[in-house]
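S.K.: My questions are about this predicted structure, shown below with the sequence.
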Amino acid sequence: MEQAAKKKERFILSDYLRVRSRAILEPFAVFFNRLGLNPNTMTILGLVGNAIGAVLIARGNMFWGGVLVLAMGPVDALDGTMARLRGQPTKFGAFVDSVTDRYSELVIFGGMLVYYQQQYKGLEMLIVYIAAAGSVLVSYVRARGQSLGYDTKVGLFSRFERFAVLTPALILNIPMVGAVLIAVFSNITALQRILDVRRQALLDTSKKPMQGG
């Protein structure tokens, strides 16, 4: 019981942020719905915007690349809100949104890799690669766990935290600070989720003989 209470408490902040952001985004979602825009249009717009931001980053323009990535954050979140207000949320829509979110992250890290490759900075390239790998693994471990019936949201660096770290680092022209933090903490988060899935699996296994009896 105590462990369950701690787990529930851990999600209070993320749930609060989700509710607050939903309240902020809803007026904009209503406006775009009235314009006749499709939620999937916003999904693609977010991906395209992040891709343009990645090109700017690859060219060394960290400030404007970061500004554009920052601007695309709310756009990425609008599609789900628009679909919900339309009464049209679908599993496929959620799937597309999740996939494009991963593409957006990887495109941004790709822009950073190109930039450091042009500077012949191997260590920085390695750090960006580790950050990208960790970011993908955080989402993959949760998705794979869910497919097996084990949901896990533990860990510090979900997508929101990675976004909150990377965008200021780009705007302030200290991208490597953001990359190092993400490289470290996203991989720690992925490991935490792996262990959490293992804990749930062991708990599930220990219950089966009792259920059979």
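M.R.: That came through, no problem. Residues are numbered from 1 along each chain as shown.
S.K.: residue ranges of the strands in the chain, please?
M.R.: Here the chain has no strands by DSSP state E.
S.K.: ok, and the helix or strand in it with the lowest average confidence?
M.R.: Lowest by mean pLDDT, DSSP states H and E among the helices and strands of the chain is helix 2-10, with a mean of 45.
S.K.: The most centrally placed residue in the chain: what's its closest spatial neighbour, skipping adjacent residues?
M.R.: Central residue of the chain (C-alpha atoms, centre = their mean): R159, 2.5 Å from the mean position. The shortest distance from R159 to any non-neighbouring residue, by C-beta to C-beta, 6 or more residues apart in numbering, is to D101 (6.4 Å). All C-beta atoms are positioned from the backbone trio N, CA, C, and that covers glycine.
S.K.: Regarding the chain, what is its longest helix?
M.R.: helix 175-212 (DSSP state H).
S.K.: tell me what that one is packed against?
M.R.: When contacts are defined as 3 or more C-beta pairs under 8 Å, 6 or more residues apart in numbering; DSSP states H and E, helix 175-212 sits against helix 122-147, helix 159-171.
S.K.: So, low pLDDT: which residues of the chain?
M.R.: Along the chain, the model assigns pLDDT under 70 to residues 1-23, 88-89, 208-213.
S.K.: mind redoing it with 80?
M.R.: 1-40, 76-94, 206-213 (pLDDT under 80).
S.K.: Would you mind measuring from L156 to G134?
M.R.: Using C-beta to C-beta, to the nearest Å, L156 is found at 12 Å from G134.
S.K.: shared neighbours, these two?
M.R.: Each of 185, 189 lies in contact with both L156 and G134 under the rule C-beta atoms under 8 Å, 6 or more residues apart in numbering.
S.K.: Apart from its chain neighbours, what residue comes closest to T167?
M.R.: Nearest non-adjacent residue to T167, counting by C-beta to C-beta, 6+ apart: L70, 4.5 Å away.
S.K.: no no, R142
M.R.: R142 sits nearest to T152 (C-beta to C-beta, 6+ apart), 5.5 Å away.
S.K.: So that neighbour sits against V141, correct?
M.R.: Yes. Contact criterion C-beta atoms under 8 Å: T152 and V141 qualify, at 7.0 Å.
S.K.: That concludes my questions; thank you for your assistance.
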